[in-house]
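[1] Compute the structure for the input listed below.
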Amino acid sequence: MGAFSVDLERMYYLKLGARRTSPAARTAFWLFNSELHCVASYRLGRFAERLRARNRFLGEVALTAYRVLNRWVTHIDHADISRFADIGPGLLVMHRYGLVVGPASIGRNLVLHQNVTIGQRSAGGDEGVPKIGDNVWIGPGAVLSGGITIGDGVTISAGTVLSKDVPAKCLVAGNPGRVIRQNYDNTAMLDLPAAWDG
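    Below is the predicted model:
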């Protein structure tokens, strides 16, 4: 199953619940759910880049479609996830406003909330980008910048400003961000379906 298929199944499970098999519910979800539009735009951009590597003409057509959709998502939904970001399957955007994700490397089952910024740090000549593990939850207003590494299962609290590495399974908070709890279980916050293999 492709990454976008996994994203969709996760969103259907969480947002539609028992109605996830209803064609009418899925159609309405596609038409009106802005978080889905953000994820679809990002995945289309990734697909277009891969297609362009195989067939320049078809890739340019797909990139044009991506640019139109991304322009709409950026201006209407106020979210911009770079097509150069490498995000694993199971991406879940909970609230899209003010969301900016640059060319980071991110694992599976990421949860993003509003006003999150992930990208390069401009100070001190650090042109690295964050590397984020699997099953990470990032709260509203968090900023992750520079060539940092965030381990698997990390929870980044609302308003955290993070520019240092974080080991796996930690709860991080503050400005500057610091580990406030180790061996933190964020499973319930990720809202993964039972027996999820995404």
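
[2] Endpoints of stretch 13-20, how far apart?
    Its start and end residues considered, stretch 13-20 measures 6 Å (Cα to Cα, to the nearest Å).

[3] List the buried residues in it.
    Along stretch 13-20, these residues count as buried under the neighbour rule (16 or more other Cβ atoms under 10 Å): 13, 15-16, 20. (Glycine included, C-beta is placed from N, CA and C.)

[4] Tell me which residues are up against it.
    12, 22, 25-26, 29, 33, 92, 191, 193 (Cβ atoms under 8 Å, 6 or more residues apart in numbering).

[5] State whether residue 135 and residue 188 are indeed in contact, as I suppose.
    No: Residue 135 is beyond contact range of residue 188, at 11.7 Å (criterion: Cβ atoms under 8 Å).

[6] what do those two both touch?
    Joint contacts of residue 135 and residue 188 (Cβ under 8 Å, 6+ apart) do not exist.

[7] From the chain's centroid, how far away is the helix or strand hosting residue 144?
    Here residue 144, judged by DSSP states H and E, is contained in strand 143-145. Averaged C-alpha coordinates place strand 143-145 at 13 Å from its chain's average position (Cα atoms, centre = their mean, to the nearest Å).

[8] Mind giving me the packing neighbours of it?
    strand 117-119, strand 161-162 (3 or more Cβ pairs under 8 Å, 6 or more residues apart in numbering; DSSP states H and E).

[9] Could you rerun that using 6 Å?
    Of the remaining helices and strands, none touches strand 143-145 by 3 or more Cβ pairs under 6 Å, 6 or more residues apart in numbering; DSSP states H and E.

[10] partners of that strand in the sheet?
    Take DSSP bridges as the rule and strand 143-145 pairs in its sheet with strand 117-119 (parallel), strand 161-162 (parallel).

[11] Using a markdown table, lay out the ones you listed together with mean pLDDT, mean neighbour count and distance to residue 3.
    Output for these, formatted as a markdown table (pLDDT from 0 to 100; neighbours: other Cβ atoms under 10 Å; distance: least, Cβ to Cβ, whole Å):
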| stretch | mean pLDDT | mean neighbour count | distance to residue 3 |
| --- | --- | --- | --- |
| strand 117-119 | 94 | 20 | 18 |
| strand 161-162 | 96 | 20 | 25 |
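
[12] tally of neighbours for residue 98?
    16 (other Cβ atoms under 10 Å).

[13] dump the residue contacts of it.
    78, 114-115 (Cβ atoms under 6 Å, 6 or more residues apart in numbering).

[14] So what touches the worst-scoring helix or strand of the chain on mean pLDDT?
    Of all the helices and strands that make up the chain, the one with the lowest confidence by mean pLDDT, DSSP states H and E is helix 187-190; it has a mean of 90. Helix 187-190 is contacted by residues 109, 111, 135, 137 when judged by Cβ under 6 Å, 6+ apart.
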